[in-house]
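Enquirer: 3D model of this:
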Amino acid sequence: MKFTDRLKAFMGDLFDGISCRFATAFKYVKRHLLPFLLGAGGLIAAIVLACIFIPKLSGAAHKTDPTPTEDTVLVPSPVPTPTPTATPVPTATPDPTPTPVPLHLTKGDKNDVVIDIQQRFMELNYMDYDEPTNVFGPITQEATKAFQRRNGLEVTGEIREADYSLLMSNSARLYMASLGDEGTDIAAMKDRLYELDYLKEVTDNKFDESMETAVRSFQEKNHLEVDGMVGSQTKEALYYEDAVPNSLYIGSTGEDVEQYQNKLFDLGYLSTKPDGKYGKDTVNAVKRFQGRNDIIVDGHIGPATRIALMSDDAKYNKLELTMSGDDVERIQTRLYKLNYMLRREITGYFGEVTENAVKLFQKNNKLTVDGKVAKETLEKLFSDDAKRADMPASATPTPTPTPKPTPTPKPTRTPKPTRTPRPGTTPKPTAKPTRTPKPTAKPTVKPTATPKPSSSTQDKINNLIRIAKSKLGCPYVRGAKGPDAFDCSGFVYWCLNKAGVQQSYMTSYQWRTTNRYPRIGSMSNIKAGDVIVYKMGTYSGHVAIAVGGGYMVDASSNEGKIVYRTYNKNYWRQTFYCAYRIFGS
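Expert: Numbering: from 1, shown residues only. Sure, this is the predicted structure:
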């Protein structure tokens, strides 16, 4: 057999053997592989479970049997360092909400929520603006009643949760006085309507039909919306200097005008002869009379002015230091004609020169010498038998004081003769050597002091401050203008007129735009005697009189009286609008 044939036979047998082996192996694997795989999987699962649970079981065994055996080596466990407890971060206090408000606030209570209540009342024009407090006082009580009345709530003057919730909401109504209302605010408005001759009498503090008719008439004549209610605009217009009255005023003519002029002339207020024409001179005379008789100064003759002017108790024009005006100029002109004053001294201001001239006139005419022009002096001054002066008061020579005698100087001693020294000796010094004087220190230059106001201006300022302080403690009443009760505008108006400044009544809003006095734009430039103006809203504000040292005197709605307090607080700095220099510049 050939080799190739043998090789083929060998390879055939080999492949047959291998095929047989593979067939046998496949049968074996098919029979035993599946049980093998299942067994291997179970073994792996058992190992995994052992790794998880054996440590836990060991720990549990240690806990249940902590006592060590004799063969156990005790290894002390390290003491864990305690973790410091973190300091809790304080939680921010949430803003106050109406929920924690006391259910019941009444007169005399003290609570910080009252500050919010007062501020809200001011915003809605139920209270005049002022530094809020935490005291529920009488003014807050009156504002509460007005708010409840306007918003259809039970009028109790006490704040409960329902009142507070409505007050702080957008549904709260602005202040508006209308038919059926009642209160001190109504009484003040009725008084003003009476002064303007729209009301014939005032008997109560109720907003009745007669007041509604008067308000409508006032609104019509002053070109306002005619609705018979008093809101912020109508209330402001009531106190305008040029408010149109329902009575005699500038431009009026007739016998009635001449009758009142005659009385004003006799009382020393009118500086020109009566002519039956209500002109500027008559307006000024009426204003002076009103200021002297505690009537609101507006320059027209309404019922209150008419009754006071024609009564037997009408006060004469009393002119004295610090006063000014046409009537002062009239007195000075008469004193000049009687040779008590010089022509150049006619200024319209009643200063020391005028006072000295009046005193000389009173002395020459055997009157009480007090330097003031009242009824007795006024009548004598304009009489035909008034005595003239030999020379003006300011030209009267001041007596020269006798000089003190000059003392006779003591006689000087004759010096002793100097001895002639012997030859060969050193003469002794006759006197001690003069010491060299120490150098004189350079004079210290003092800083230039701020110029003080003139004596006449300072007198005016002192007089105004004295008048303002004299009313400390007087009650605050909204709309009141003195002499026993005031609001902030009424207080400033009354004090200025008492100090001789013919100033018509102005609200705090009107004070913002006046151009009568020099305007001060910075609080740091405020001086004693200035009027300070604050702005808190469109029509709302506050006015006060500066008295020096950072203090002011004003009518406080929250304090309920005239007070003396500092204006160097954030509240006043934030609301400051301007100030006016009443005296000087």
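
Enquirer: Could you write out the alpha-carbon coordinates of the longest strand along the chain in CSV?
Expert: Criterion DSSP state E: the longest strand present in the chain is strand 541-548. Provided in CSV are the C-alpha atoms of strand 541-548 (Å, rounded to 0.1, in the frame of the first residue of the first chain):
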residue,chain,number,x,y,z
GLY,A,541,-47.5,119.0,56.5
HIS,A,542,-46.4,120.7,59.7
VAL,A,543,-45.1,124.1,60.8
ALA,A,544,-43.2,125.2,63.9
ILE,A,545,-41.3,128.1,65.4
ALA,A,546,-37.5,127.7,65.9
VAL,A,547,-36.3,128.9,69.3
GLY,A,548,-32.6,128.2,69.0
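
Enquirer: Provide the strand pairings for it, with the direction of each partner.
Expert: Strand 541-548 pairs in its sheet with strand 531-535 (antiparallel), strand 551-556 (antiparallel), by DSSP bridges.

Enquirer: Contacts for the last one, please.
Expert: Outside strand 551-556, the residues within contact range by CB atoms under 8 Å, 6 or more residues apart in numbering are 130-131, 465, 468-469, 471-472, 476, 486-488, 490-492, 532, 542-547, 561-567. For the C-beta atoms, the positions are set from N, CA and C on the backbone; glycine is no exception.

Enquirer: The shortest one too?
Expert: Under the contact criterion CB under 8 Å, 6+ apart, strand 531-535 has outside partners 129, 492, 496, 508, 511-512, 517, 526, 541-546, 552, 567, 572, 575-580, 582.

Enquirer: which ones among the residues you listed are found in strands?
Expert: Judged by DSSP E, the subset of the contacts of strand 531-535 located in strands is 541-546, 552, 576-580.

Enquirer: Look up how far D326 lies from G279.
Expert: The spacing between G279 and D326, counted by CB to CB, to the nearest Å, is 12 Å.

Enquirer: need the contact list for A579.
Expert: Residues in contact with A579 (CB under 8 Å, 6+ apart) are 519-520, 523, 525-526, 530-533, 546.

Enquirer: Out of the residues you listed, which is nearest to A374?
Expert: The closest of the contacts of A579 to A374 turns out to be V531 (CB to CB; 28.7 Å).

Enquirer: What is the burial count for the closest one?
Expert: Residues lying near V531 (other CB atoms under 10 Å) number 26.

Enquirer: again, but for the one 3 residues further on
Expert: Y534: 27 surrounding residues under other CB under 10 Å.

Enquirer: That one bridge partners, please.
Expert: Assessed by DSSP bridges, Y534 has beta-bridge partners H542, F576.

Enquirer: Let me know the next secondary structure element after the least confident helix or strand in the chain by mean pLDDT.
Expert: Here the helix or strand of the chain ranked lowest by mean pLDDT, DSSP states H and E is helix 3-64, holding a mean of 61. Note on helix 3-64: by DSSP states H and E, the next helix or strand toward the C-terminus is strand 104-105.

Enquirer: got the contact list for the next helix or strand after that next one?
Expert: Sequence order places helix 113-123 as the next helix or strand after strand 104-105, per DSSP H and E. Contact with helix 113-123 is made by 96, 101-102, 105, 127-130, 132-136, 140, 143-144, 147, 159, 164, 167-168, 172, 536-537, 540, 558, as judged by CB under 8 Å, 6+ apart.

Enquirer: Got a quick ChimeraX command for the buried subset of these?
Expert: Filtering the contacts of helix 113-123 down to the buried ones (16 or more other CB atoms under 10 Å) takes a single ChimeraX command:
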select :101,105,127,128,129,130,132,133,135,136,140,143,144,147,159,164,167,172,536,540,558
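
Enquirer: Out of the contacts of helix 113-123, name the ones that lie in helices.
Expert: Counting by DSSP state H, the part of the contacts of helix 113-123 found in helices is 140, 143-144, 147, 164, 167.

Enquirer: With pLDDT added, can I get those in JSON lines?
Expert: Conversion of those to JSON lines gives the following (pLDDT from 0 to 100):
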{"residue": "T140", "pLDDT": "92"}
{"residue": "A143", "pLDDT": "91"}
{"residue": "T144", "pLDDT": "94"}
{"residue": "F147", "pLDDT": "93"}
{"residue": "Y164", "pLDDT": "94"}
{"residue": "L167", "pLDDT": "95"}
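
Enquirer: Dump these to CSV, plus distance to I44.
Expert: Shown next, in CSV, are the ones in helices among the contacts of helix 113-123 (distance: CB to CB, whole Å):
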residue, distance to I44
T140, 87
A143, 88
T144, 86
F147, 86
Y164, 76
L167, 79
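
Enquirer: between G279 and D326, which one's more packed in?
Expert: Neighbour comparison, G279 and D326: the larger count goes to D326, with 18 against 15 (by other CB under 10 Å).

Enquirer: So, low pLDDT: which residues of the chain?
Expert: Along the chain, the model assigns pLDDT under 70 to residues 1-40, 46, 48-103, 241, 396-455, 585.

Enquirer: List the contacts of P475.
Expert: Counting by CB under 8 Å, 6+ apart, P475 touches 484-486, 560-561.

Enquirer: Of the residues you listed - the most surrounded one?
Expert: Going by other CB under 10 Å, F486 tops these with 26 neighbours.

Enquirer: so how far is T457 from R288?
Expert: From R288 over to T457 the distance is 21 Å, taken as CB to CB.
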